[in-house]
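# Just the structure for this:
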Amino acid sequence: MKSIVVFVLFAGVVASCSAPKQEEKESNRTTPVTADDGIIIQEQADADTLKGSLRSKAVGAIGAAHFTIRYHSPAVRGRIVWGGLVPFDRVWVTGAHMATSLEVDQDVVIGGTAVPAGKYGLFTIPGKDAWTIIINRNWEQHLTDEYDEKEDVLRLTVKPEQESTNQERLRYVIESESENEGEIVVYWEKLEVSLAVSVKK
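Next comes the predicted model:
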């Protein structure tokens, strides 16, 4: 009988010692990470504790069209981003590691150009005063290793906007503004770049 009581007490002590460690481990996560599918980056003014460029995604709908953007999200970490970490006037994956992909299930109009339903690479050429937005047929490539301008579906020039607050990690957002119009927006550091999207009724 005594041995049973001692075993029960020992099991209770082990359980009570291990539980706080698990809770502490969970509480230290600053961002919910889903390795296979990517995370949705939130507004984030301060540096986080996670290392590397996180596998991320943005999902949303504009009218009847559903969008999915998959990318790797780097952090500022006190670095000079524009003209430093990201050079001006060179094709960029607008993320890290692999090319950023844009997938849409309906025909749409992006920046005035018709884009059929499908999956594409989303590239940019950042400039000091203006950016070139590129949608390319080759979405499955490492950085810009296989980028070919001949595969471009569209190129257009947009003006970036300055933000007052810092966005620590690169973030994509799909914003619906009316029944059939919206924007794809990129936020990073103190810059915002928007791409107008419309969907036929």
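# could you pull out the helices for this protein?
2-27 (DSSP state H).
# Dump stretch 147-165 to CSV, keeping only the CA atoms.
Taking Å, rounded to 0.1, in the frame of the first residue of the first chain, the C-alpha atoms of stretch 147-165 are listed here in CSV:
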residue,chain,number,x,y,z
TYR,A,147,14.2,35.2,-64.1
ASP,A,148,13.5,36.0,-67.8
GLU,A,149,11.9,39.3,-68.8
LYS,A,150,10.4,37.5,-71.9
GLU,A,151,8.2,35.6,-69.4
ASP,A,152,6.6,38.8,-68.0
VAL,A,153,2.9,39.0,-68.1
LEU,A,154,2.9,42.6,-67.0
ARG,A,155,5.2,45.4,-65.9
LEU,A,156,3.9,48.7,-64.4
THR,A,157,5.3,51.6,-62.4
VAL,A,158,4.0,52.6,-59.0
LYS,A,159,5.0,55.2,-56.5
PRO,A,160,5.8,54.0,-53.0
GLU,A,161,4.3,55.7,-49.9
GLN,A,162,6.1,56.6,-46.7
GLU,A,163,4.6,55.3,-43.5
SER,A,164,5.1,56.8,-40.0
THR,A,165,5.5,53.5,-38.2
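# got a list of contacts for it?
45, 91, 99, 110-113, 115, 120-121, 123, 126, 129-138, 141, 187, 190-195 (CB atoms under 8 Å, 6 or more residues apart in numbering). Any C-beta I mention is one placed from the backbone N, CA and C, and that applies to glycine too.
# change it to 6 Å
45, 91, 111, 113, 115, 130-138, 190-193 (CB atoms under 6 Å, 6 or more residues apart in numbering).
# how far out from the middle of the chain is that stretch?
Computed by CA atoms, centre = their mean, to the nearest Å, the chain-centroid distance of stretch 147-165 equals 16 Å.
# Please identify the buried residues of that stretch?
Tyr147, Asp152, Val153, Leu154, Val158, Pro160 (16 or more other CB atoms under 10 Å).
# got a markdown table for those residues, with pLDDT and distance to Lys57 too?
Formatted as a markdown table, the buried residues of stretch 147-165 follow (pLDDT from 0 to 100; distance: CB to CB, whole Å):
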| residue | pLDDT | distance to Lys57 |
| --- | --- | --- |
| Tyr147 | 96 | 22 |
| Asp152 | 97 | 23 |
| Val153 | 97 | 21 |
| Leu154 | 96 | 22 |
| Val158 | 97 | 22 |
| Pro160 | 97 | 23 |
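# before we move on, the earlier item: which of the contacts of stretch 147-165 are buried?
Buried, going by 16+ other CB under 10 Å: 91, 111, 115, 131-136, 138, 190-193, out of these.
# Just give the number of residues close to Val94.
Quick fix: residue 94 is Thr, not Val. 24 (other CB atoms under 10 Å).
# what about it, distance to Ala130?
Remark: distance between Thr94 and Ala130 (CB to CB, to the nearest Å) = 15 Å.
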